[in-house]
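Asker: quick one, what's the 3D model for this:
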Amino acid sequence: MSGPAASPRESRVAPEVVIAAGCLIALVTFGPRASAGLFQVPMTTDYGWGRDTFGLAIAIQNLLWGIGQPFAGAVADRFGTVRVLMIGAVLYALGLVVMAWASTPLMLHMGAGVLIGFGLAGASFNLVLGAFGKLLPEEWRPMAFGMGVAAGSFGQFLFPPIGNALINAVGWQDALLWFSAIMLVVLPLSMLLATRGSGGGAKADAGPSQSIAQALAEAFRHRSYVLLVTGFFTCGFQLAFITAHLPAYLKDAGLSAAVGGWTLAVIGLANAVGSLGAGWLSTRMPKRYLLAWIYLGRAIAIAAFVLVPASPASALVFGVTIGLLWLSTVPPTSSLVMVMFGTRYMAMLYGFAFFSHQLGGFFGVLLGGVLYEATGGYAIVWWFSVALGIASALINLPIVEKPVARLAPQPG
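Answerer: Numbering: from 1, shown residues only. Below is the predicted model:
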């Protein structure tokens, strides 16, 4: 069940151009972040750090991305998307430069953790989805959400092989500098996603006017929103752990670095298909059931991967399987936020859901590094990921898919 139709904000460009620009931004910003695991072994080898040091940096990145997302979303909702995307892209590019020259753990944590984390909060596909919600007609939105996530996924397919090639050709430091330069492409593209913000222009939703505080109070008193946010923790835990530690896990099993890179790439390619499919299915079946099946499918895929001997074939099969389920949670999750509360505070309220996702990512990456150093392997974290997948499948089932009373159609 959907809420009342919401008129898109006025845009100076056609919907097709809005989607193309947003998808390119998602592709460029997601690629380097998804390639982070490629830099773990060369960095820790060169500087003699433990994997917990690198893991902490990526954990900080995930946490600050999550913390910054609701604030970036609130600013975008209030003042428009362009300036948030531009500031985020600059912080992201600067973080990659600092990471390239990080000769101490503190510099690594500042670059890969703090700067990239806050940069992602301002320039990731989450802001793009918020802009899509405001600029596109209602019937375009579910598929556009899937396309935005799929574009980010294609960045994950594209960038790991490029990263591997750059590391082999020019070294890991210059590879990071190349990624930094590519990030600046976001600056001109962001101009095509100009939104007016809620401070001027027509309201995005019918119903009484709301302040930010009222919108937050309404959301966090809403049982279905709390369940949705809670379940999203698992998505972040699983994805961040796999992104940061899968290449090292495969290397420990005696496989080449190229296998890790290509597995991440295959995940990204399959995710493009899975995200588009999830966007399509979000318009044709209850979104809570779709989310439950996705989380259960991940639990089964991870358990099967851990139980079979690691090989190039098993790694690539796992990449395809988990990739189909990778970010396919995002279209139904973002659509549910919009069904419940409308588009006016879409970026902010989805931002709080994403904070839960990134809190999970923080613990996934951190526990991966800490428990590896303590036990010499990743088995505990793999099986914890399975348990979380089953739990989130159950958590999403009681969600009620209807708008809050404020947005419900009035009789007569």
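
Asker: list the buried residues for the helix or strand residue 259 falls within?
Answerer: Per DSSP states H and E, residue 259 falls inside helix 257-281. Residues of helix 257-281 classed as buried: 257-272, 274-279, 281 (neighbour count, 16 or more other C-beta atoms under 10 Å). Every residue, glycine included, has its C-beta placed from N, CA and C.

Asker: packing partners for the helix or strand of the chain with the lowest mean pLDDT?
Answerer: Lowest on mean pLDDT, DSSP states H and E among the helices and strands of the chain sits helix 125-135, with a mean of 81. The contact analysis (3 or more C-beta pairs under 8 Å, 6 or more residues apart in numbering; DSSP states H and E) places helix 125-135 against helix 15-34, helix 51-79, helix 82-100, helix 141-170, helix 330-341, helix 346-375.

Asker: so which of those helices is nearest residue 251?
Answerer: helix 51-79 (11.0 Å; C-beta to C-beta).

Asker: and the angle for the helix holding residue 259 with helix 141-170?
Answerer: 170 degrees (axes from the mean of the first three to the mean of the last three C-alpha atoms, to 10 degrees).

Asker: after helix 257-281, heading C-terminal, what element do we hit next?
Answerer: By DSSP H and E, the next helix or strand past helix 257-281 is helix 287-307.

Asker: which of the residues in that following helix are buried?
Answerer: Buried-residue list, helix 287-307, by 16+ other C-beta under 10 Å: 287-299, 301-303, 305-306.

Asker: how far off helix 51-79 does the host helix or strand of residue 245 point, in degrees?
Answerer: Counting by DSSP H and E, the element that carries residue 245 is helix 223-252. Per the same axes, to 10 degrees, the angle that helix 223-252 makes with helix 51-79 is 150 degrees.

Asker: helix 223-252 packs against which elements?
Answerer: Partner elements for helix 223-252 (3+ C-beta pairs under 8 Å, 6+ apart): helix 40-47, helix 51-79, helix 257-281, helix 287-307, helix 330-341, helix 346-375, helix 379-396.

Asker: and the ones you listed as a markdown table, adding distance to residue 112?
Answerer: Below are the helices and strands packed on helix 223-252 laid out as a markdown table (distance: least, C-beta to C-beta, whole Å):
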| stretch | distance to residue 112 |
| --- | --- |
| helix 40-47 | 9 |
| helix 51-79 | 4 |
| helix 257-281 | 17 |
| helix 287-307 | 25 |
| helix 330-341 | 23 |
| helix 346-375 | 11 |
| helix 379-396 | 20 |
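
Asker: out of those, which is closest to residue 104?
Answerer: So among those, helix 40-47 is nearest, using C-beta to C-beta, at 8.2 Å.
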